[in-house]
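Novice: Any chance you can model this:
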Amino acid sequence: MSLKTAIFKTAMESLYFSGAHVLLRPWLGGVGSIMTLHHVRPPRSGQFQPNRLLEVGPAFFERVIRRLRRSGTDLVSLDEMHRRMTERDFTKRFVCITFDDGYRDNLDFAYPVLKKYDVPFAIYVATGFTDHIGEMWWLALEAVIANCKVVQLRLDGEDRLFNCRTAEEKSAAYEYLYWWLRRRETEEELRAVVRELAARYNVDIAKFCSDLCMTWQELATLAADPLCTIGAHTVNHVMLAKVSERTVRAELENSRDVIEAALGLKPRHFAYPVGDRTSAGPREFKIAADLGYKTAVTTRPGALFPGHSEHLLALPRISLNGEFQRTRYASVLVSGAATSLWNGFRPINVT
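Specialist: Below is the predicted model of the structure:
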């Protein structure tokens with residue numbers, strides 16, 4: 001467990017067991033929240049799992065949904081969230097459930113739970129992943145490190161060797177390389193490095209999509225259910241702040257067009273890939289608005305407040321994180337207490 005994760009867990013434990021999250025909810029919980037998920041699947045074995053934060057177990061997911069249902073919170077679709085925000089109908093708090101990327105386990109493990117409890121949900125589809133031609137570079141990096149005892153790479157003009165014999169060494173190598181890659185100025189530079197690594201160490205990048213992501217037929221099965229909203233998530237899952245304005249527009253337009261052609265529905269909602277401050281900002285928010293999206297979501301942590309009615313293309317979300325798989329943590333997160341602390345008690349953060 002990283003120091004950052006340990007500190008955040010301690011803060012949530014304190015908020016929960018003191019009851020402060022309940023007391024603070026009327027002031028910090030806003031009018032509702034949008035939850036972010038990626039994978040819902042049984043836990044994997046092995047100590048080296050650097051992307052564990054992107055997955056939660058089916059049993060935990062069901063406990064969270066059941067608790068939300070019993071709490072009296074409205075579980076609503078993105079369209080209903082949009083209506084409440086634009087009409088300023090804040091009579092009752094609400095939660096939206098959203099999934100990024102389009103993983104097959106959403107169909108296999110999450111959908112039966114959502115159907116059982118009659119919960120609306122949205123899936124933001126990266127069409128390159130569904131076409132099984134995308135590059136899940138973070139998984140390729142994980143696979144390279146998992147399969148090797150030593151990884152060699154030229155960084156900043158210097159040849160570097162990373163020992164990867166133990167789980168601890170692998171985790172350290174992944175942490176260093178992941179954030180070194182994230183600091184690259186352009187998306188293409190990042191991907192070129194990962195492609196070179198994958199080729200050198202015999203990792204098939206494209207195979208992750210075919211193994212993990214739904215086909216168009218599988219997505220059509222979900223899209224036919226009125227509970228499901230299909231949103232757009234670009235074609236190539238690029239960090240939009242690292243590409244040109246022309247590319248941003250193309251990613252937002254083309255992903256919507258591909259989904260409409262494949263499923264017969266035109267997405268009105270969008271999720272920025274990665275979605276933090278380094279990946280999406282005012283330029284991207286304006287382009288999404290110009291292209292006619294009703295809402296767009298980031299991964300900036302936070303609840304929704306009435307003021308977000310003026311920023312519907314820059315909405316925060318609350319991550320249901322694989323590192324925090326206890327229902328009490330979910331209660332603290334939905335209360336808004338933890339994310340308000342994280343944001344320095346600024347309810348709206350769109351700059």
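
Novice: contacts, neighbours, all on C-alpha from now
Specialist: Noted.

Novice: Pull out the buried positions in stretch 217-224.
Specialist: By 16 or more other C-alpha atoms under 10 Å, the buried positions in stretch 217-224 come out as 219, 222, 223.

Novice: Which of those sits closest to residue 82?
Specialist: Of all these, residue 223 has the smallest distance to residue 82: 19.2 Å, by C-alpha to C-alpha.

Novice: Any figure for the gap between the closest one and residue 266?
Specialist: Per C-alpha to C-alpha, to the nearest Å, residue 223 is found 11 Å from residue 266.

Novice: Equivalent analysis for residue 7, please.
Specialist: 42 Å.

Novice: What of residue 322?
Specialist: Applying C-alpha to C-alpha to residue 322 and residue 266 gives a distance of 31 Å.

Novice: who's more crowded, those two?
Specialist: Neighbours per residue (other C-alpha atoms under 10 Å) separate residue 322 from residue 266, with residue 322 holding more: 20 against 17.

Novice: Just confirm the more buried one is within a strand.
Specialist: No: judged by DSSP: H, G, I helix; E, B strand; the rest coil, residue 322 forms no part of a strand; its state is coil.

Novice: since we're on the nearest residue to it once chain neighbours are set aside, how many residues are nearby?
Specialist: The shortest distance from residue 322 to any non-neighbouring residue, by C-alpha to C-alpha, 6 or more residues apart in numbering, is to residue 53 (4.1 Å). When neighbours are defined as other C-alpha under 10 Å, residue 53 has 17 of them.

Novice: give the contact list for residue 53.
Specialist: Taking C-alpha atoms under 8 Å, 6 or more residues apart in numbering, we find residue 53 in contact with 321, 322, 323.

Novice: mind pulling up the phi and psi values for the last one?
Specialist: In this case it means residue 323. When read as degrees, to the nearest 10, the backbone of residue 323 gives phi -80, psi -10.

Novice: Counting neighbours, which bits of stretch 244-258 end up buried?
Specialist: Of all the residues in stretch 244-258, those buried under the rule 16+ other C-alpha under 10 Å are 248, 249, 251, 252, 253, 254, 255, 256, 257, 258.

Novice: Of those, just say which sits nearest to residue 343.
Specialist: Closest to residue 343, out of all of the buried residues of stretch 244-258 and judged by C-alpha to C-alpha, is residue 248, at 27.2 Å.

Novice: Which parts of the stretch 151-300 of the chain are helices?
Specialist: 167-182, 187-200, 207-212, 216-223, 245-263, 282-290 (DSSP state H, counting those that start in this stretch).

Novice: For residue 153, list each beta-bridge partner.
Specialist: Beta-bridge partners for residue 153, by DSSP bridges, are residue 160.

Novice: ok, now which ones touch it?
Specialist: Contacts of residue 153 by C-alpha under 8 Å, 6+ apart are 159, 160, 161, 197.

Novice: For the residues you listed, pick the one with the most neighbours.
Specialist: residue 197 (19 neighbours).

Novice: what residues are up against it?
Specialist: Taking C-alpha under 8 Å, 6+ apart as the test, what residue 197 contacts is 141, 144, 153.

Novice: If we only consider those residues, which is nearest to residue 125?
Specialist: Nearest to residue 125 out of the contacts of residue 197 is residue 141 (C-alpha to C-alpha; 22.2 Å).

Novice: Can you give me the buried ones in the helix or strand that contains residue 70?
Specialist: Using DSSP states H and E, residue 70 falls within helix 58-71. Using 16+ other C-alpha under 10 Å as the test for burial, helix 58-71 gives 58, 60, 61, 62, 64, 65, 67, 68.

Novice: Could you dump those into CSV with pLDDT added?
Specialist: Below are these laid out as CSV (pLDDT from 0 to 100):
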residue, pLDDT
58, 97
60, 96
61, 97
62, 97
64, 96
65, 96
67, 93
68, 94
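
Novice: and which of these is nearest residue 212?
Specialist: Out of the buried residues of helix 58-71, the member with the shortest distance to residue 212 (by C-alpha to C-alpha) is residue 58, at 16.3 Å.
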